[in-house]
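S.K.: Give the three-dimensional model of this entry:
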Amino acid sequence: MIDRFQSRRLLLPCGLVVAAGLAGIAAGYVYSAAVVIIVARALLATVAPVIAAQQSSDRIGAIAAYATWTDCGLAAGAFLGIVAVASIGYALTYATLALAVVVVVAWEARVRVRE
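M.R.: Numbers count the residues shown, from 1 in each chain. Prediction:
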């Protein structure tokens, strides 16, 4: 898919699909929304390193930096997710995550338009 549609074009739709899946979990559609998130995240796992490599002349360094930030995000997300769920509940936590993803996707779209 990356070769056919280009990696930058897949980034925004994948982000919106992840946001839709998170909103689906917040709405109570846990199983179907989880499948949507897993599929979109699998595609993002291949798209994001390609974009990181395309943005830099040091491709190995860019991919390593991407992997490092991904690992930091996974660790922080696990901790903060537990704290958020304990504090505000599942529905509001997932709704907040969906909103955050939409904001980041909108920001990326705005930055891309400027380029």
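
S.K.: Please identify which helix or strand holds the nearest residue to residue 56 once chain neighbours are set aside.
M.R.: Spatial nearest neighbour of residue 56, excluding adjacent residues (C-beta to C-beta, 6 or more residues apart in numbering): residue 62 at 3.9 Å. Heads up, the C-betas are built off the backbone N, CA and C, glycines and all. Residue 62 belongs to helix 59-88 when assigned by DSSP states H and E.

S.K.: Mind giving me the packing neighbours of that helix?
M.R.: Applying 3 or more C-beta pairs under 8 Å, 6 or more residues apart in numbering; DSSP states H and E, we find helix 59-88 packed against helix 30-54, helix 90-114.

S.K.: pLDDT on the first one, on average?
M.R.: Within the predicted structure, the mean pLDDT of helix 30-54 is 86.

S.K.: With the last one instead?
M.R.: This predicted structure assigns helix 90-114 an average pLDDT of 88.

S.K.: tilt between it and helix 59-88?
M.R.: Counting by axes from the mean of the first three to the mean of the last three C-alpha atoms, to 10 degrees, helix 90-114 lies at 150 degrees to helix 59-88.

S.K.: pull the CA atoms of stretch 92-110 into PDB?
M.R.: Extracted as PDB, the C-alpha positions of stretch 92-110 are listed here (Å, rounded to 0.1, in the frame of the first residue of the first chain):
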ATOM      1  CA  LEU A  92     -13.500   9.600  29.300                       C
ATOM      2  CA  THR A  93      -9.900   8.300  29.000                       C
ATOM      3  CA  TYR A  94     -10.600   6.800  25.500                       C
ATOM      4  CA  ALA A  95     -12.600   9.900  24.400                       C
ATOM      5  CA  THR A  96      -9.700  12.100  25.500                       C
ATOM      6  CA  LEU A  97      -7.200   9.900  23.600                       C
ATOM      7  CA  ALA A  98      -9.500  10.100  20.500                       C
ATOM      8  CA  LEU A  99      -9.600  13.900  20.700                       C
ATOM      9  CA  ALA A 100      -5.800  14.000  21.100                       C
ATOM     10  CA  VAL A 101      -5.200  11.900  18.000                       C
ATOM     11  CA  VAL A 102      -7.600  14.100  16.000                       C
ATOM     12  CA  VAL A 103      -5.800  17.200  17.200                       C
ATOM     13  CA  VAL A 104      -2.400  15.700  16.200                       C
ATOM     14  CA  VAL A 105      -3.800  14.600  12.800                       C
ATOM     15  CA  ALA A 106      -5.200  18.100  12.200                       C
ATOM     16  CA  TRP A 107      -1.900  19.700  13.100                       C
ATOM     17  CA  GLU A 108       0.000  17.300  10.700                       C
ATOM     18  CA  ALA A 109      -2.400  18.200   8.000                       C
ATOM     19  CA  ARG A 110      -1.900  21.900   8.600                       C
END
